[in-house]
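Colleague: Structure for this input, please:
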Amino acid sequence: MEDSMFEFNFLDKRVQRTKSDLYNAFFELLRHRKYDHITIKDIVEVAGYSRGVFYKHYKKKEDLLNEIIEYLFREARKAQREPYKDLESIDVKKLINEPIYLLRHFKKFGFCYQLLLNENINGPFSLQLSQEMMSTYLNDFKMMLLDDYENSINGTLNKYYAYGLMGLIIEWIIEDFPKEPEDFSDELVRVFKYSLGKIQIK
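Modeller: Have a look, this model is predicted:
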């Protein structure tokens, strides 16, 4: 991974470099051992820092992991919302490749997501990821059926599409991106067009 993968533009440049190095060290270690077997000593040795530098930013390694996950989720939310800025609704029939922003995010950070989704991390990260993206969808979108005759099922419909989409994306990540983001985006758009009319932006 390159340092530029993680950006902390709102922080002092020295802090940016430190966090980026600690993130990279964490994932490098996670490639070879389970999370429970990684120590703070391991992280700082790989990153090239002292324990004091680590403790300046985190109390324990769980704080580093949680910050990394929140960083990824924050970037995912930004990517998800990028094509829908300033819109009130989306005509699904006119979708082109809007999922591409989110898919490019997952491909960019694919190394990180793959390691977090494997068995080296205790806890169901896949469920955590699904719930995070479902929350974003439910907060931002209201799916509309083609004939829109049964509004009472819209809540269920929203969850159906959110979980379905994330299931497909997680499978795509785990299988090491068998399709390019552009091709997968086109496929998802065709799925949406098949069954939806409009998506209302909340």
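Colleague: in the chain, which spans are strands?
Modeller: Counting by DSSP state E, residue ranges of the strands within the chain are 89-91, 141-145, 196-201.
Colleague: I'd say residue 112 and residue 71 touch.
Modeller: No. Counting by C-beta atoms under 8 Å, residue 112 does not reach residue 71; the two are 9.3 Å apart. Every C-beta, even on glycine, is put in place using the N, C-alpha and C of the backbone.
Colleague: Tell me which of these two has more neighbours.
Modeller: Between residue 112 and residue 71, counting by other C-beta atoms under 10 Å, residue 112 is the more crowded of the two (23 against 17).
Colleague: Excluding chain neighbours, give the residue nearest to the more buried one in space.
Modeller: Leaving out its chain neighbours, the residue that sits closest to residue 112 by C-beta to C-beta, 6 or more residues apart in numbering is residue 27, at 5.9 Å.
Colleague: So the one you found versus residue 165, what's the distance?
Modeller: Distance, residue 27 to residue 165, by C-beta to C-beta, to the nearest Å: 25 Å.
Colleague: And residue 64, by the same measure?
Modeller: Taking C-beta to C-beta, one finds residue 64 at 29 Å from residue 165.
Colleague: Which residues lie in contact with the closest residue to residue 38 other than its chain neighbours in this structure?
Modeller: Nearest residue to residue 38 in three dimensions, chain neighbours excluded: residue 29, at 4.9 Å (C-beta to C-beta, 6+ apart). By C-beta atoms under 8 Å, 6 or more residues apart in numbering, residue 29 lies in contact with 38, 42-43, 46.
Colleague: same thing with residue 65?
Modeller: Residue 65 is in contact with 26, 35, 121, counting by C-beta under 8 Å, 6+ apart.
Colleague: out of those residues, who's nearest residue 56?
Modeller: Closest approach to residue 56 among the contacts of residue 65 (C-beta to C-beta): residue 26, at 16.2 Å.
Colleague: got the contact list for that closest one?
Modeller: Counting by C-beta under 8 Å, 6+ apart, residue 26 makes contact with 38, 43, 61, 64-65, 68.
Colleague: And it, how close does it get to residue 71?
Modeller: Distance, residue 26 to residue 71, using C-beta to C-beta: 12 Å.
Colleague: how distant is stretch 13-23 from the center of its chain?
Modeller: 21 Å (C-alpha atoms, centre = their mean, to the nearest Å).
Colleague: and if you look at stretch 21-35?
Modeller: 18 Å.
Colleague: Also stretch 105-116?
Modeller: Taking the mean of its C-alpha atoms, stretch 105-116 sits 8 Å from the chain's own mean (C-alpha atoms, centre = their mean).
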